[in-house]
Structure formats: structure tokens, C-alpha cells
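Visitor: show me how the following folds:
(one chain, ligands or ions: 1)
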Amino acid sequence: MTFNKDARVERSRVRRGGGAGTGVAVGGGTLLVLFLLSQLLGVDLTGLAPATDPGVQGDDGDTVGSCTGEQANTDIDCRMSLTYESLDDYWYTALPQLGAGYVSPEMYLASGTWQTGCGTASSAMGPFYCPPDQSIYVDTSFFEVLTGQLGAEGGPLAEMYVVAHEWGHHIQNLSGTMDGINRTDTGPTSDGVRLELQADCFAGAWAQNAQSTEDADGTTLLEPFTQDQLASAMDAAATVGDDHIQSSQGGSVNPEQWTHGSSESRQQWFLTGYENGPSACDTFASGADL
Ligand SMILES: [Zn+2]
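Guide: The predicted model follows:
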């Protein structure tokens, strides 16, 4: 049991299908590079694509509908829906405490190829956050890649960690952290890796407080995590480390190509957030232990 069976979301804010409207022009070159990179990484490509038409919102798709905690324990769409509510409830309070205003992101369960404010996206990109349309896109089949190709233990909290990481990028977008950084550089101390490790740290901060998040009626959304569940989230963080991904794909480990950070760093920053809260997540500080 992970979700409180009595928790309930009357009208899910998670939608099925792509987000931003059609007719968004995308450069083919960018697309190709994005696709190849995503093949390599298996995880998000936050903000790499230039914004083509910020703020376009067309077909909103169907929402997941109503869900109970009991359904969320067995149904992935409901699990994503209650995960949304938990993250939204946490950051609604936590982000203002960091000095920034909070706005809920959009979240879409998408598959195949679809349009976003960042251009055309595909399932091959894995879950990602698109800053211009403030939307999180998740193809839940990624969780099978995580446990299959990448060898993670998986489980509900591992899945929630993935969403919480993308939510972390939304927090960075709202707090201005994404402004003025070099997103094209790679390597263990690059701005891109600092951004990714901070998103892991924010995910950890949520995890520490997730058990007290509530639905609209004030019912607790989640049961207390077991040590095994926490370990599964840590395991997921390690699994999407650049060194693990590089070696699992049969290549050599090349830190200069890292975009998300090593398995060890990703675990470490998740834990930093978990133990010390979001104010301890300054991966951009000089002397930050990356
Ligand atoms: Zn990321």
C-alpha cells in the first residue's frame, strides 16, 4: 500500500494526450539532434529545444477523471493523478517559502509523437518538462524502460520520483533558475548537470514531505513510506545516472558527455533534499559538492 485508499481526486488535472496545439513550427535539425540525444539518455531533455510558440495550448485532451487512492495503487493513470496532487500540494506551500510565486504546471500522459511548446516530442525522449508551456509530459511506458533496459527495481515511489524530478524543473522555471545558464555545455560540473541534480534534490524535498500532503478534502494522500520504498526511489535516481546509462548501453563512461550527473551524485542530491529540504538544494553555489 502506497496511497491512502480513502484519498480521492474528483477531477484529475492530469490529461491524456499531447498538450500544446498543432501547427507549431519546428526545425528539423533540432528534432533530429533531440531524438538522437534522447535515445542516448532515456530521460528528459529539459529546455534543450528552443521555444517555438510559447504558451500555445490547443487540444487539452481528456482528463484522467476521478480517482481514489485505492485505484492509484493498481492503476498507473490514477497513480500519476494522485502524484500530481501530492506534488502540487507540497510546492504550493514550499515554493513561496523559497521566495517565488507558485503556479501549478500542466501534466500530460502522452505516447507516440505529439506537439509541445518545445516542438514535436516522442515517447523515445522519456519524461520531460517543457518550460514555455509549463507542462510535464510522461509516457508511462518509460517506467518499463526504467525497470527493463535500465534495470531499476521500479515500484510506485520510483515512478513518483521521476515525476517529482520533472516537477523540480517546473520549480526551477518559476524561480528563475533556468534563466541565463548554459544549457548546451556538458560534463560533471556543467550548468546542465547542476540543473538536473537540483531537480533531484527538489524531488527528495517533496519525498520527505509527501506523507503529509492532502487531497482537496484534507485526506492524506499517501501512506508513510517504508525503507524499501525509499530505497526504490534512490535506486531509480542511480539508474538514470549518466555513468549507469552509458555503461548499460555498452559504451564507455565519458564524464565530459554527462548531462544529468553520475548515479552517486543523483542519489546524493536526492538525499540532500530529503534530509535538509529545498533550501539546501543550491547546486549552483560555488563549492557545491557535485
Ligand atoms: Zn531533468
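
Visitor: helices along this structure, start to end?
Guide: Counting by DSSP state H, the chain has helices at residues 28-41, 69-72, 76-97, 142-147, 156-175, 191-210, 227-239, 242-248, 263-276.

Visitor: CA atoms of the longest one as PDB?
Guide: What follows is helix 76-97 as a C-alpha-only set of coordinates in PDB (Å, rounded to 0.1, in the frame of the first residue of the first chain):
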ATOM      1  CA  ILE A  76      -0.900   3.900 -13.400                       C
ATOM      2  CA  ASP A  77      -3.000   6.800 -14.700                       C
ATOM      3  CA  CYS A  78      -4.700   7.200 -11.300                       C
ATOM      4  CA  ARG A  79      -1.200   6.900  -9.700                       C
ATOM      5  CA  MET A  80       0.000   9.800 -11.800                       C
ATOM      6  CA  SER A  81      -3.100  11.800 -11.000                       C
ATOM      7  CA  LEU A  82      -2.600  11.500  -7.200                       C
ATOM      8  CA  THR A  83       1.100  12.000  -7.600                       C
ATOM      9  CA  TYR A  84       0.200  15.300  -9.300                       C
ATOM     10  CA  GLU A  85      -2.000  16.300  -6.300                       C
ATOM     11  CA  SER A  86       0.700  15.400  -3.800                       C
ATOM     12  CA  LEU A  87       3.400  17.400  -5.600                       C
ATOM     13  CA  ASP A  88       1.100  20.400  -6.200                       C
ATOM     14  CA  ASP A  89       0.000  20.400  -2.500                       C
ATOM     15  CA  TYR A  90       3.600  20.400  -1.400                       C
ATOM     16  CA  TRP A  91       5.000  23.000  -3.700                       C
ATOM     17  CA  TYR A  92       2.000  25.300  -3.200                       C
ATOM     18  CA  THR A  93       3.400  26.000   0.200                       C
ATOM     19  CA  ALA A  94       7.100  25.200  -0.200                       C
ATOM     20  CA  LEU A  95       7.900  27.500  -3.200                       C
ATOM     21  CA  PRO A  96       6.600  30.700  -1.600                       C
ATOM     22  CA  GLN A  97       8.900  29.900   1.300                       C
END
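
Visitor: which secondary structure elements does it contact?
Guide: Using 3 or more C-beta pairs under 8 Å, 6 or more residues apart in numbering; DSSP states H and E as the contact criterion, the neighbours of helix 76-97 among helices and strands are strand 8-9, strand 14-16, strand 67-68, helix 69-72, strand 106-109, helix 156-175, helix 191-210. Backbone N, C-alpha and C define where each C-beta goes, glycine included.

Visitor: one more pass at 6 Å, please.
Guide: For helix 76-97, the helices and strands in contact under the criterion 3 or more C-beta pairs under 6 Å, 6 or more residues apart in numbering; DSSP states H and E are strand 14-16, helix 69-72, helix 156-175, helix 191-210.

Visitor: so for the first one, mean pLDDT?
Guide: When you say that, I think you mean strand 14-16. Per-residue pLDDT over strand 14-16 has a mean of 93.
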